[in-house]
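>>> Got a sequence here, can you build the structure:
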Amino acid sequence: MTAATSKTAGQLISWVFVVLVVAVPLVMASWFALCPQYGDPACPTNARPLDVLAAYRAAPPLLMQTFLVVNLAVAYLFPLGYIAMGTASWRGSPWLTALGVVCGWLAAIAWGYIADQNVLLAHMAPAGHDTEFAALERAYFGDWHILAVAIGWVAGHLLGYLFLGLAFLRAKVVPAWSGLLVIAAVPVMGPFAYGFQQNALQILGYLMVAVACIPAARTLRRLAQ
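I've put the predicted structure just below:
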């Protein structure tokens, strides 16, 4: 590979991260907005599988198909969002960046399971065997392997944003408000959204991350040039 080719490849990757650093939290906000238990931050609510099946059955077809497309995209894009944020801050704050990216990666593992679950639910709901399917869902989520993955998601995505927000502040590659907004988004999308049972707060949290990452995108754009 020539030096020119290597530089072009590096610039291409940097430009991909320029887009993803803002796009990924927007995609996440879209996922939570479109999840068929509209308004429930825990959608799909594993503790109430009968309610989940009823909600997926009642969802408008166009919204369901849009949700499934976004659902597929999240499984691939979500980990890249943390990497993109980390690319902006790692030179000035390598340890906090590393912690944030690792936590985000642990959280992202869950999305293979979550994406698969939602496709299954979309096919289960019209079948009308709610009692059997609900029993299967309860058994599935009672398995300790799935519980371990769920814990990784809950802790990982919140700690990932917390550490990366701190990395933004420490690295000083973006305005201080950017790092503070990422940090403030953590309790909004986590404890507040679930504590008050308001999905709008979870969506707001991801929108806050998206806005906070606009200066990071500008930093990555300078690196790409």
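>>> Give me the nearest residue to residue 104, chain neighbours excluded.
Leaving aside its sequence neighbours, residue 104 sits nearest to residue 82 (CB to CB, 6 or more residues apart in numbering; 2.9 Å). Where you see a C-beta, it was placed from the backbone N, CA and C, and this is true even at glycine.
>>> any idea of the mean pLDDT in the one helix or strand that neighbour maps to?
Assigned by DSSP states H and E, residue 82 belongs to helix 61-89. Averaged over helix 61-89, pLDDT sits at 96.
>>> Just list what it packs against, helices and strands only.
helix 3-34, helix 94-127, helix 144-171, helix 214-224 (3 or more CB pairs under 8 Å, 6 or more residues apart in numbering; DSSP states H and E).
>>> tell me how far the longest one is from the chain's mean position?
Yep, that's helix 94-127 we're talking about. 8 Å (CA atoms, centre = their mean, to the nearest Å).
>>> Below-threshold pLDDT in the protein: ranges please.
Along the chain, the model assigns pLDDT under 70 to residues 1, 3-7, 9-10.
>>> let's see it at 90
1-14, 46-47, 128, 140-142, 222-225 (pLDDT under 90).
>>> re earlier: for residue 88, find the nearest of the helices and strands packed on helix 61-89.
helix 214-224 (4.1 Å; CB to CB).
>>> pull the CA atoms of the closest one into CSV?
Taking C-alpha atoms only, helix 214-224 is exported to CSV below (Å, rounded to 0.1, in the frame of the first residue of the first chain):
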residue,chain,number,x,y,z
ILE,A,214,-21.6,17.9,17.0
PRO,A,215,-18.3,19.6,18.2
ALA,A,216,-16.7,16.1,18.2
ALA,A,217,-17.7,15.7,14.6
ARG,A,218,-16.0,19.0,13.8
THR,A,219,-12.9,17.7,15.6
LEU,A,220,-12.9,14.5,13.6
ARG,A,221,-13.4,16.5,10.4
ARG,A,222,-10.2,18.4,11.1
LEU,A,223,-8.4,15.2,11.6
ALA,A,224,-9.7,13.8,8.3
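>>> Tell me the helices and strands packed up against that helix.
Under the contact definition 3+ CB pairs under 8 Å, 6+ apart, helix 214-224 sits against helix 3-34, helix 61-89, helix 176-187.
>>> and that helix with helix 3-34, angle?
On the basis of axes from the mean of the first three to the mean of the last three CA atoms, to 10 degrees, helix 214-224 is oriented at 160 degrees to helix 3-34.
>>> next one: the helix holding residue 82 to chain centre, how far?
7 Å.
>>> buried stuff in it?
Across helix 61-89, burial judged by 16 or more other CB atoms under 10 Å covers 64, 67, 70-71, 73-75, 77-89.
>>> Next: stretch 88-108.
Quick answer for stretch 88-108 (16+ other CB under 10 Å): 88-90, 92-93, 96-97, 99-108.
>>> do the same with stretch 205-220
Residues 205-213, 215-217, 219-220 are the ones in stretch 205-220 that count as buried (16+ other CB under 10 Å).
>>> which among these gets closest to residue 128?
Taking the buried residues of stretch 205-220 together and measuring to residue 128 by CB to CB, the closest member is residue 206, at 34.3 Å.
>>> No further queries at this time; thank you.
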